[in-house]
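1. pasting the sequence and the predicted model now:
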Amino acid sequence: MSNMTYQDEARSYCSPDDEWQGRYAAERRAGSAGPTLGLPLAGLVAVGLGALAWYYLGPDLRRYLKIRSM
């Protein structure tokens, strides 16, 4: 006969979902350890593109708005 109790048997069986969630949680913890640079970098790119657009389109836009208001 087996010396394992019902609780021991229940612990020994692991469903595929439990295994996947365990791996996902471990990967998630490992990936979020350091600060992310994605958001500040995206903000810097957006500000840069806005400044570039204003540099090239600003004079024409001001001229168009001036003519439109006449």
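-> Yep, it's here. As the structure is a computational prediction, the values presented were derived from the model and not from experiment.
2. helix, strand, or coil at Thr36?
-> Classification of Thr36 using DSSP: H, G, I helix; E, B strand; the rest coil returns coil.
3. let me know the pLDDT of it.
-> Looking at Thr36, its pLDDT reads 82.
4. determine the number of other residues adjacent to it.
-> 9 (other CB atoms under 10 Å). Glycine gets a C-beta too; all of them are placed from N, C-alpha and C.
5. I'd like the distance between it and Gly43.
-> For Thr36, the distance to Gly43 equals 12 Å [CB to CB, to the nearest Å].
6. same thing with Ile67?
-> 34 Å.
7. shaky segments in this protein?
-> Along the chain, segments meeting pLDDT under 70 span 1-35.
8. if we go to 90?
-> Applying pLDDT under 90 to the chain picks out residues 1-39, 61-62, 65, 69-70.
9. can you pull out the strands in it?
-> For the chain, applying DSSP state E gives no strands.
10. quick one: the helices in it?
-> If DSSP state H is used as the criterion, the helices of the chain fall at 6-12, 16-31, 38-69.
11. report how many residues lie close to Ala53.
-> 11.
12. show me the contacts for it.
-> For Ala53, the contact set (CB atoms under 8 Å, 6 or more residues apart in numbering) is empty.
13. quick check: it vs Thr36, distance?
-> Using CB to CB, we find Ala53 at a distance of 27 Å from Thr36.
14. do you know how far Gly38 is from Leu44?
-> 11 Å.
15. repeat that for Arg68.
-> 33 Å.
16. between the two, which is the more surrounded one?
-> Comparing Arg68 with Leu44 by neighbour count (other CB under 10 Å), the higher total belongs to Leu44, at 11 against 7.
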